[in-house]
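**Q** Task: produce atomic coordinates for the following.
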Amino acid sequence: MFRSDNRGDEWKCISPDLSRNLDRNQIKVMGRIQSSDAIMKNKSTTMYGNIVSLDESPITENLLYVGTDDGLIHVSENAGNNWTKFEKFKGIPEFTYVNSLVASQHKSNRVYAVFNNHKKGDFTPYVMVSNDKGISWKSIASNLPIRGSVYDIAEDHEDENLLFVGTEFGVYFTYNGGLEWKQLKNGLPTIAVRDIEIQKRENDLVIATFGRSFFVLDNYSPLRELKNEISSKSHIFPIKNSLMYIDSRPLGSRGKGSQGESYFTASNPPLGSVIRYFFNDTLKTQKKIRQEIEKKKIKSNLDVVYPKLGNLIIEDNEEKPYLIFTIFDENGLEIRKMIESPKIGLNQLVWNFRLTPQSNISLKISKPGRYSESNNGPLALPGKYFVTMHKVVNGKPILMEDKTPFECDWLNELTIPAENKDSLLTFQIKVDKLRKAIDASSEVIKNNKKSINYIKSAFKTYPNLDLSYLDTINNLEYLINKIEMKLSGNPSLSKRDIEQKESVSSKVGIIIWNMWRSRSKPTATNKFLYESASIDFKSLIVEIKVLENNIKAIESYLEENKVPFTPGRGLILDWEKE
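**A** Below you'll find the model as predicted:
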């Protein structure tokens with residue numbers, strides 16, 4: 001072993017040969033000692049008898065641990081002046097490769113060792129710990145996969161009992177010092193994990209795999225609390241302080257932009273406050289419970305009891321359970337709700353720092369297209385926030401977790417930041433409220449148009465109606481088209497790509513396009529567009545009210561003449577009258 005005190009400019013030897021110093025040409029390979037003329041004899045292989053693992057205690061200076069490929073561990077407490085050799089370890093075959101050594105960050109005498117014997121057809125997981133600098137060892141492999149060779153181990157820098165190991169079948173962790181191990185998946189394929197490191201500042205777990213590149217588990221800190229909360233139905237873990245920013249679009253739009261499928265891009269970490277939570281409630285529907293019972297009976301070749309019709313009706317009408325997460329500002333006002341499907345285990349969702357958008361309520365949420373944006377509200381201000389968690393079963397909300405606090409702050413790297421953040425958000429909220437009114441008016445016009453179509457059909461087909469109303473209806477159709485053009489633009493010009501003046505809706509859309517991805521103050525143009533759209537919309541409201549009054553008058557005429565139902569009219573309550 002060599003040491004440098006000047007960053008590698010010079011090296012000095014601080015140990016003798018720490019291996020068994022065996023002649024590899026005298027070791028049996030495939031059952032016998034091979035000839036010197038054997039094909040590829042000693043080619044593409046390292047010399048045997050090497051130091052393959054090394055660690056220095058982070059809390060005790062000059063305490064060194066060294067492991068070799070022929071199954072030895074050496075310990076020096078004086079930077080290599082003297083070495084103590086350990087060559088027998090209970091439960092581990094002699095000559096087993098010492099794959100990793102990790103000196104504890106919490107106890108000066110503690111060291112972890114990982115042995116790997118897969119080259120000899122032995123895939124047993126060997127994970128050992130010593131609390132006396134290597135004098136005695138005990139296994140902490142416990143319930144690790146029996147054929148899952150272990151390659152590396154890492155110790156959490158805050159919790160001495162939280163450990164991670166990389167195995168042939170992925171990553172496992174323990175929160176009780178190795179008494180029990182649990183697998184970490186979260187999108188990780190079942191692959192050999194050869195190296196593990198911890199980024200302490202961000203609490204990130206970084207792993208390198210055999211053949212599948214490397215992976216990063218962002219902020220694994222919730223695992224530190226599992227030992228305290230694992231028995232409860234749910235738990236929201238402490239939420240990391242978040243930096244608020246606008247994500248960059250260097251290629252012109254989201255992701256790879258217009259670069260084509262041959263252009264490689266990878267996903268960035270989610271933008272927003274990451275809320276990690278533990279959920280351990282089944283929340284099964286009656287149908288799911290019945291099917292699981294029937295499945296067991298079928299497997300045991302037993303008769304299945306056909307359910308009563310009433311129970312099947314209940315199943316058909318039962319709503320699937322779900323979770324609601326509510327974001328509150330520091331004044332206790334609700335600003336956002338998010339729905340999640342219940343999944344047992346450790347989960348996460350992301351609040352993207354946005355207030356609830358004021359667009360029309362929709363039953364479906366679709367992903368934005370290539371040139372469109374997600375339906376978002378304005379960016380919230382920096383400050384303190386809270387999140388609660390409800391489960392909803394058969395329409396009954398039950399509070400699972402009360403207000404968990406977290407904080408958000410702006411990433412202040414702006415060329416032209418807004419001087420007054422409160423006034424910026426106030427203006428954005430005004431714009432969003434105008435959008436709400438405009439979107440609602442569009443739906444009202446759409447419904448009025450539908451009503452007019454049915455009314456017109458009634459006058460064409462139902463007897464004893466005054467046909468002179470058809471002219472009135474045509475005038476109303478003209479008024480609807482006129483309102484629609486002012487509100488949303490002329491469709492005849494749009495489909496032919498002919499330029500036209502901005503409609504009320506497009507003016508607001510321009511403001512949102514300009515400001516929803518900016519933290520600079522409103523420009524004079526944005527303020528002008530808002531004032532112009534407000535004035536135009538107020539005049540349209542008058543026209544919409546005139547339209548609705550005229551439609552109601554015609555609907556009253558249809559009621560008087562007992563015309564069958566048309567959309568927009570009320571219940572028929574006088575069917576017994578002649």
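**Q** Would you mind giving the domain segments of the protein?
**A** Following automatic domain parsing, one finds the domains of the chain at 2-234, 235-250+272-281+321-366+373-413, 284-311, 421-560.
**Q** Let's have the ones you listed in CSV, adding mean neighbour count and distance to residue 572.
**A** Every residue, glycine included, has its C-beta placed from N, CA and C. CSV is the format used below for the domains of the chain (neighbours: other C-beta atoms under 10 Å; distance: least, C-beta to C-beta, whole Å):
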stretch, mean neighbour count, distance to residue 572
domain 2-234, 16, 49
domain 235-250+272-281+321-366+373-413, 15, 27
domain 284-311, 11, 31
domain 421-560, 15, 9
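**Q** between these, which gets nearest to residue 266?
**A** Proximity to residue 266, assessed across these by C-beta to C-beta, is greatest for domain 2-234 (10.1 Å).
**Q** And that closest one, end to end?
**A** Using C-alpha to C-alpha, to the nearest Å, the end-to-end distance of domain 2-234 comes to 52 Å.
**Q** Pass me the low-pLDDT residue ranges in the stretch 1-150 of the chain, would you?
**A** Regions of the stretch 1-150 of the chain meeting the criterion pLDDT under 70 are absent.
**Q** Strands of that one, residue ranges please.
**A** For the stretch 1-150 of the chain, applying DSSP state E, counting those that start in this stretch gives strands covering 2-3, 12-13, 51-56, 64-68, 73-76, 84-86, 97-103, 111-116, 126-130, 138-139, 150-155.
**Q** quick one: residue 506 and residue 120, what's the gap?
**A** As for residue 506, its distance to residue 120 is 73 Å (criterion: C-beta to C-beta, to the nearest Å).
**Q** picking that back up, got the strands of the stretch 1-150 of the chain as a markdown table, with distance to residue 222 columns?
**A** As requested, those are exported to a markdown table (distance: least, C-beta to C-beta, whole Å):
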| stretch | distance to residue 222 |
| --- | --- |
| strand 2-3 | 40 |
| strand 12-13 | 45 |
| strand 51-56 | 27 |
| strand 64-68 | 31 |
| strand 73-76 | 34 |
| strand 84-86 | 37 |
| strand 97-103 | 23 |
| strand 111-116 | 23 |
| strand 126-130 | 23 |
| strand 138-139 | 28 |
| strand 150-155 | 17 |
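**Q** Select, out of the ones you listed, the one closest to residue 444.
**A** When the strands of the stretch 1-150 of the chain are compared by C-beta to C-beta, strand 150-155 sits nearest residue 444, at 60.5 Å.
**Q** angle of that closest one against strand 126-130?
**A** Interaxial angle, strand 150-155 versus strand 126-130 (axes from the mean of the first three to the mean of the last three C-alpha atoms, to 10 degrees): 40 degrees.
**Q** in its sheet, what does the helix or strand that comes right after strand 150-155 sit against?
**A** Scanning forward in sequence from strand 150-155 by DSSP states H and E, the next helix or strand is strand 163-167. Under the criterion DSSP bridges, strand 163-167 sits next to strand 150-155 (antiparallel), strand 170-174 (antiparallel) in its sheet.
**Q** can you redo these as JSON lines with distance to residue 184?
**A** JSON lines is the format used below for the strands paired with strand 163-167 (distance: least, C-beta to C-beta, whole Å):
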{"stretch": "strand 150-155", "distance to residue 184": "12"}
{"stretch": "strand 170-174", "distance to residue 184": "5"}
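**Q** Can you list the neighbours in contact with stretch 246-264?
**A** Outside of stretch 246-264, the residues within contact range by C-beta atoms under 8 Å, 6 or more residues apart in numbering are 265, 268, 271, 370-371, 379, 517-519.
**Q** hmm, back to that, minimum distance to residue 201: which of the strands paired with strand 163-167 has it?
**A** With C-beta to C-beta as the measure, strand 150-155 is the member of the strands paired with strand 163-167 nearest residue 201 (15.4 Å).
**Q** So what touches that closest one?
**A** By C-beta under 8 Å, 6+ apart, the surrounding residues in contact with strand 150-155 are 99-100, 102, 104-106, 112, 114-116, 125-127, 141, 144, 162-168, 192-198, 205.
**Q** now that strand, how far from the centre of its chain.
**A** 26 Å (C-alpha atoms, centre = their mean, to the nearest Å).
**Q** The longest strand seen in the chain pairs with which strands?
**A** Taking DSSP state E as the criterion, the chain has its longest strand at strand 396-410. Take DSSP bridges as the rule and strand 396-410 pairs in its sheet with strand 242-244 (parallel), strand 383-393 (antiparallel).
**Q** Quick check: mean pLDDT of that strand?
**A** Averaged across strand 396-410, pLDDT comes to 94.
**Q** and if you look at stretch 569-578?
**A** The pLDDT scores in stretch 569-578 average 72.
**Q** Let's have the domains of the chain in TSV, adding distance to residue 261.
**A** Output for these, formatted as TSV (distance: least, C-beta to C-beta, whole Å):
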stretch	distance to residue 261
domain 2-234	20
domain 235-250+272-281+321-366+373-413	18
domain 284-311	39
domain 421-560	26
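**Q** With respect to residue 576, which of the ones you listed lies nearest?
**A** Going by C-beta to C-beta, the one of the domains of the chain nearest residue 576 is domain 421-560, 15.6 Å.
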